[in-house]
Structure formats: structure tokens, C-alpha cells
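Trainee: task: produce atomic coordinates for the following.
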Amino acid sequence: MCVGLPAKIVTMKDGMAVVDASGAKREISTELLENVEPGDYVMVHAGIAIAKIQEDEEEEADELLEELL
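Mentor: Model (predicted):
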């Protein structure tokens, strides 16, 4: 099973982005997605943005993760 984590794009440059995932900042690849920009939310797996998501989906995913931990 794969687990993706929701994150908000903070900055972008040359196919890479710095994201904020529940306060933790990480650099990830955005090469698989088109039309993402700072302020967008993405699902991240293994350092790669795999899907663009809506803010309410990010909040729901955060709540589910809190319950699991």
C-alpha cells in the first residue's frame, strides 16, 4: 500500500517545489503535474507530487492522519 501526504506548495522553480506538509518543509518534484503553482495543494508520495487536490481534501487527509497517529 502507498501512502500520499497532502502538502501546500510554497515556492517553485524548474520543476521542483518547496512544500509545507503540516509544518514540515520539503523539496519535491512537480514534473508529473501540469498547472501547479504556489498556494496549490498536492498529494506527495516518495518526494513527488502525484496529484493536485483541493484545500478541503487536504484538511480531510490531515484529520485522517491525526486519527491514525
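
Trainee: residue 45 contacts residue 6, correct?
Mentor: No: applying CB atoms under 8 Å as the test, residue 45 and residue 6 come out as separate, 10.9 Å apart. For every residue, glycine as well, the C-beta is placed using N, CA and C.

Trainee: more crowded one of the two?
Mentor: Applying other CB atoms under 10 Å to residue 45 and residue 6 shows that residue 6 carries more neighbours, namely 22 against 14.

Trainee: next, the more buried one: secondary structure please.
Mentor: Put simply, residue 6 is strand when judged by DSSP: H, G, I helix; E, B strand; the rest coil.

Trainee: what residues does the helix or strand bottoming out on mean pLDDT in the chain touch?
Mentor: Scoring the helices and strands of the chain by mean pLDDT, DSSP states H and E places helix 55-68 at the bottom, with a mean of 76. Applying CB atoms under 8 Å, 6 or more residues apart in numbering, the contact partners of helix 55-68 are 5, 6, 7, 8, 22, 41, 43, 53.
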